[in-house]
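Novice: 3D model of this:
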Amino acid sequence: MIKLLRIDDRLIHGQVAVYWVNATGADTIVIANDKHATNAMLKMSLTVGKPAGSKMEVLTVAKAVDYLNNAANAKRKILLICGSCEDAETLCAGAAEIKEVDLGGIRFAEGRTSISNQVFLVEDDLRHLDAIAGQGRTVYIQEAPSKPKIPLSEIHSIFEKNKK
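Specialist: Sure, this is the predicted structure:
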């Protein structure tokens, strides 16, 4: 069972390892990221953040879809993490069980618009998030389990207000 898809360009870090694994009750973390899955050194670096007692898979986006749809993994409680809105759209298109998408962290870069302290988006990101919502998924920003959710409609409003 996929408990949550979290978009976070840092993939796994303390906040994810401590708060999100506990909040979702996940026993398995699946990181869907082509770059890390195909580079042994990057893949190994992610294991440092893995919480004790959790299983972790670092897979390409395509292999993550296969993993999520494999009946052998149906009883797992999965926290799915990817690094971009584009990858999230691909994952949602391939795995019908994804119900919620949390936009947890996309760092600032030139041309990105501030939505929250941890989320900076471009128009393309919004298109991907709209496509995900169009597939019937709930899309929101929630930086930590104790923080309120910011719905997609409000994300659009903040983007329009803050864009340059």
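Novice: Strands along the protein, start to end?
Specialist: Assigned by DSSP state E, the chain shows strands spanning 2-8, 28-32, 55-59, 78-82, 100-105, 113-114, 120-121, 138-141, 150-151.
Novice: what's the closest non-adjacent residue to residue 35?
Specialist: residue 42 (6.5 Å; Cβ to Cβ, 6 or more residues apart in numbering). Every residue, glycine included, has its C-beta placed from N, CA and C.
Novice: Quick one, grab the pLDDT at that neighbour.
Specialist: pLDDT for residue 42: 93.
Novice: Correct me if wrong: it contacts residue 34.
Specialist: No: Residue 42 is beyond contact range of residue 34, at 10.6 Å (criterion: Cβ atoms under 8 Å).
Novice: Which among the strands of the chain is found nearest to residue 94?
Specialist: strand 28-32 (10.0 Å; Cβ to Cβ).
Novice: May I have that closest one as PDB, with CA atoms only?
Specialist: Extracted C-alpha coordinates of strand 28-32, given in PDB (Å, rounded to 0.1, in the frame of the first residue of the first chain):
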ATOM      1  CA  THR A  28       9.500   0.600   3.100                       C
ATOM      2  CA  ILE A  29      10.900   3.700   1.500                       C
ATOM      3  CA  VAL A  30      11.000   3.700  -2.300                       C
ATOM      4  CA  ILE A  31      13.100   6.400  -3.900                       C
ATOM      5  CA  ALA A  32      12.300   6.800  -7.500                       C
END
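Novice: hey, where'd the helices end up in the chain?
Specialist: Under the criterion DSSP state H, helices of the chain are mapped to 14-15, 21-24, 34-37, 40-47, 61-69, 85-94, 123-134, 152-162.
Novice: Buried residues in stretch 21-36, which are they?
Specialist: Across stretch 21-36, burial judged by 16 or more other Cβ atoms under 10 Å covers 21, 24, 26, 28-34, 36.
Novice: quick revisit: export the helices of the chain as TSV, with columns for distance to residue 104.
Specialist: Output for these, formatted as TSV (distance: least, Cβ to Cβ, whole Å):
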stretch	distance to residue 104
helix 14-15	8
helix 21-24	12
helix 34-37	17
helix 40-47	16
helix 61-69	17
helix 85-94	11
helix 123-134	13
helix 152-162	13
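Novice: quick one: contacts of the worst-scoring helix or strand of the chain on mean pLDDT?
Specialist: Lowest mean confidence among the helices and strands of the chain (mean pLDDT, DSSP states H and E): helix 14-15, at a mean of 76. Residues outside helix 14-15 that contact it (Cβ atoms under 8 Å, 6 or more residues apart in numbering) are 49, 144.
Novice: mind listing what residue 56 touches?
Specialist: 12, 28-31, 46-47, 50.
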